[in-house]
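Participant: pasting the sequence and the predicted model now:
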Amino acid sequence: MQKITKEVYLKWYEDMMFWRKFEDKLAAVYIQQKVRGFLHLYNGQEAVLAGALHAMDLTKDKMITAYRNHVQPIGMGVDPKRVMAELYGKATGTSHGLGGSMHIFSKEFRFYGGHGIVGGQIPLGAGIAFGDKYHDKDAVTLCCFGDGAARQGSLHETFNLAMLWNLPVVFVCENNGYAMGTSVARTANHTDIWKLGLGYDMPSGPVDGMNPIKVAEAFDEAIQRARNGGGPSFLEVKTYRYRGHSMSDAQHYRTKDEVAEYKKIDPITQIKDIILEKKYASADDLKAIDKDVKKRVSECEKFADESPYPEKNVMYDVVYEQEDYPFIDHKIK
């Protein structure tokens, strides 16, 4: 694994702060009804992405995840302006405004969604890894899902084939404690989700998902194992979301005191403390980063606000090859 240097800590701080403020802005514009439909925010889970990206080779490795998927493509290299525009349903979005919040996608930056079906991305992640192995590509796929999706039958089918075919994939359960409003303890007779991999002789284990250092170390080991022909791994990354499952979640299933306890180990605060303790930057330096982050988020909002909505024909153009749309019996008005 690349050494975690001063530059890495500063990048982690800036990236995680940007992701947090980017989604805070999304929450604000959602209330203004500029973003519609469901909106699932990542606040609190940023260390998972920060650590993962440090361990990945972003020139070839891939990622696929669930519908809590706004900041991952940004980390992979997608222009955040296009991500925000997609949430606005604008033509300048990553999918021309047709995918929305739950379906961000970028083939260019090897980010394969964004999937609204719970657990639907698990077999797809193995399929991407199968393609890389079949074509002798030296790439690893990170397949991420939540604790609720870990209860899907497709996970077991996928784990079986991934081990049988020795695929270069790392399965990542981002366990934030709740499947919508159902706690992990209420979904099974055990709470150690990582042990599900042991039935397939898959290297598996828990990870502190609030600390990007611990995440980077665990992901590096798993990614290198896959890249060197050692096959799949399964990591249960124990994290926490500070906001509800989605913006419509009243959060009656947990207390404010519980959220406050987890905020004491906020990944952004942890990295900020290390930076100040090691004198990698001063408090004023970090304030300057915060100011720049706020400016960049405002630029994303302005871009999305000013972008046009897609033309109606785009909805057909991305589905049908023939220009006369032979499979529909009405004309576009």
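Facilitator: It's in. Numbering: from 1, shown residues only.
Participant: where does E7 sit, in terms of helix or strand?
Facilitator: Counting by DSSP states H and E, the element that carries E7 is helix 6-31.
Participant: identify the residues contacting the helix or strand that that helix is followed by?
Facilitator: Following helix 6-31 in sequence order, the next helix or strand is helix 46-55 (DSSP H and E). Outside of helix 46-55, the residues within contact range by Cβ atoms under 8 Å, 6 or more residues apart in numbering are 1-2, 4, 8, 12, 15-16, 19-20, 42, 63, 71-72, 75-76, 142, 172, 174, 209-220, 223, 237, 239, 267-268, 270. Bear in mind the C-beta positions are built from the backbone N, C-alpha and C, glycine included.
Participant: got the angle between helix 46-55 and helix 6-31?
Facilitator: Using axes from the mean of the first three to the mean of the last three Cα atoms, to 10 degrees, the direction of helix 46-55 lies 130 degrees away from that of helix 6-31.
Participant: following the chain onward from helix 46-55, which element is next?
Facilitator: From helix 46-55, the next helix or strand downstream (DSSP H and E) is strand 62-64.
Participant: which helices and strands sit right next to that next one?
Facilitator: Secondary-structure packing of strand 62-64 (3 or more Cβ pairs under 8 Å, 6 or more residues apart in numbering; DSSP states H and E): helix 121-134, strand 141-146.
Participant: distance from it to the middle of the chain?
Facilitator: Counting by Cα atoms, centre = their mean, to the nearest Å, strand 62-64 is centred 9 Å from the centre of its parent chain.
Participant: same check on stretch 184-195?
Facilitator: Put simply, stretch 184-195 sits 22 Å off its chain's centre (Cα atoms, centre = their mean).
Participant: what mean pLDDT does the helix holding E7 have?
Facilitator: Across helix 6-31, pLDDT averages out at 98.
Participant: count of neighbours near H70?
Facilitator: 24 (other Cβ atoms under 10 Å).
Participant: now do Y325, the pLDDT please.
Facilitator: 66.
Participant: whoops, W165 was the one
Facilitator: For W165, the model assigns a pLDDT of 98.
Participant: could you pull out the strands for the chain?
Facilitator: Ranges of strands within the chain are 62-64, 141-146, 169-175, 178-179, 182-183, 204-208, 233-238, based on DSSP state E.
Participant: figure out which of those is closest to H103.
Facilitator: Evaluated over those, closeness to H103 peaks at strand 62-64, with 11.9 Å, by Cβ to Cβ.
Participant: so what touches that closest one?
Facilitator: Taking Cβ under 8 Å, 6+ apart as the rule, strand 62-64 contacts 52, 56, 72, 76, 110-113, 115, 121, 124-125, 128, 132, 139-144.
Participant: mind running it again at 7 Å?
Facilitator: With contact meaning Cβ atoms under 7 Å, 6 or more residues apart in numbering, strand 62-64 is reached by 72, 76, 110-113, 121, 124-125, 128, 139, 141-144.
Participant: how about the CA coordinates for the helix or strand bottoming out on mean pLDDT in the chain, as CSV?
Facilitator: Lowest on mean pLDDT, DSSP states H and E among the helices and strands of the chain sits helix 314-317, with a mean of 82. Presented in CSV, the C-alpha positions along helix 314-317 are these (Å, rounded to 0.1, in the frame of the first residue of the first chain):
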residue,chain,number,x,y,z
VAL,A,314,-33.5,11.7,-25.4
MET,A,315,-35.6,9.2,-23.5
TYR,A,316,-36.1,7.2,-26.7
ASP,A,317,-32.7,7.8,-28.2
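Participant: helices or strands up against it?
Facilitator: Under the contact definition 3 or more Cβ pairs under 7 Å, 6 or more residues apart in numbering; DSSP states H and E, helix 314-317 sits against no other helix or strand.
Participant: how far out from the middle of the chain is it?
Facilitator: The answer for helix 314-317 is 27 Å, by Cα atoms, centre = their mean.
Participant: can you mark which positions in it are buried?
Facilitator: Residues of helix 314-317 classed as buried by neighbour count (16 or more other Cβ atoms under 10 Å): none.
Participant: one more: stretch 173-186?
Facilitator: Buried residues in stretch 173-186 (16+ other Cβ under 10 Å): C173, E174, N175, N176, G177, Y178, A179, V184.
Participant: again with stretch 124-133
Facilitator: Going by 16+ other Cβ under 10 Å, stretch 124-133 has these buried residues: L124, G125, A126, G127, I128, A129, F130, D132, K133.
Participant: kindly report the same for stretch 294-307.
Facilitator: Buried-residue list, stretch 294-307, by 16+ other Cβ under 10 Å: R296, V297, C300, E301, F303, A304, S307.
Participant: what's in contact with it?
Facilitator: With Cβ under 7 Å, 6+ apart, stretch 294-307 has contacts from 18, 21-22, 25, 29, 80-81, 84-85, 88, 90-92.
Participant: highest neighbour count among those residues?
Facilitator: Neighbour counts for these (other Cβ under 10 Å) peak at M84, which has 30 neighbours.
Participant: quick one on the thing from earlier: filter the contacts of helix 46-55 down to just the buried residues.
Facilitator: Buried among those by 16+ other Cβ under 10 Å: 4, 8, 12, 15-16, 19-20, 42, 63, 71-72, 75-76, 142, 172, 174, 209-220, 223, 237, 239, 267-268, 270.
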